[in-house]
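the following block contains a protein sequence and its predicted model.
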Amino acid sequence: MFAKLLGLLVAVALVAAVVARQSAGGGRETPYVVKPTDTLWSIAASHYAGDPRAGVWKLERRNHMHGDLLRVGQRLAIPP
């Protein structure tokens, strides 16, 4: 009896681990088109509270940027 119960619990835990996924509780990404006077710092300051450095880092990582060069009309994804 104990072995069956233990086997069932292990099976349920395994199914839960396979099915579990990240929640979207942080919100959705926001699309953004770069304007002529924009910088990563100004975009981060306008979309994130507090120190813009963390926002700059998020923008660089999410948009696979290897520098701070922006082009007018470039599309960026603003992560939550």
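All right, it came through fine.

need the contact partners of the longest helix anywhere in the chain.
Identified as the longest helix of the chain according to DSSP state H is helix 2-19. With contacts defined as C-beta atoms under 8 Å, 6 or more residues apart in numbering, helix 2-19 is touched by no residue outside it. Any C-beta I mention is one placed from the backbone N, CA and C, and that applies to glycine too.

let's see that helix as CSV, backbone CA atoms only.
As requested, the backbone C-alpha atoms of helix 2-19 are provided in CSV (Å, rounded to 0.1, in the frame of the first residue of the first chain):
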residue,chain,number,x,y,z
PHE,A,2,2.8,2.4,1.0
ALA,A,3,4.7,1.6,-2.2
LYS,A,4,1.7,2.3,-4.4
LEU,A,5,1.1,5.7,-2.7
LEU,A,6,4.7,6.6,-2.9
GLY,A,7,4.8,5.7,-6.6
LEU,A,8,1.7,7.7,-7.3
LEU,A,9,3.1,10.8,-5.5
VAL,A,10,6.4,10.5,-7.5
ALA,A,11,4.4,10.2,-10.7
VAL,A,12,2.3,13.3,-9.9
ALA,A,13,5.5,15.3,-9.0
LEU,A,14,7.1,14.2,-12.2
VAL,A,15,4.1,15.3,-14.3
ALA,A,16,3.9,18.6,-12.4
ALA,A,17,7.6,19.3,-13.1
VAL,A,18,7.2,18.6,-16.8
VAL,A,19,4.0,20.6,-17.2
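
and that helix, average pLDDT?
The pLDDT scores in helix 2-19 average 74.

from Glu29, how far off is Arg75?
Distance check for Arg75 against Glu29: by C-beta to C-beta, to the nearest Å, it reads 11 Å.
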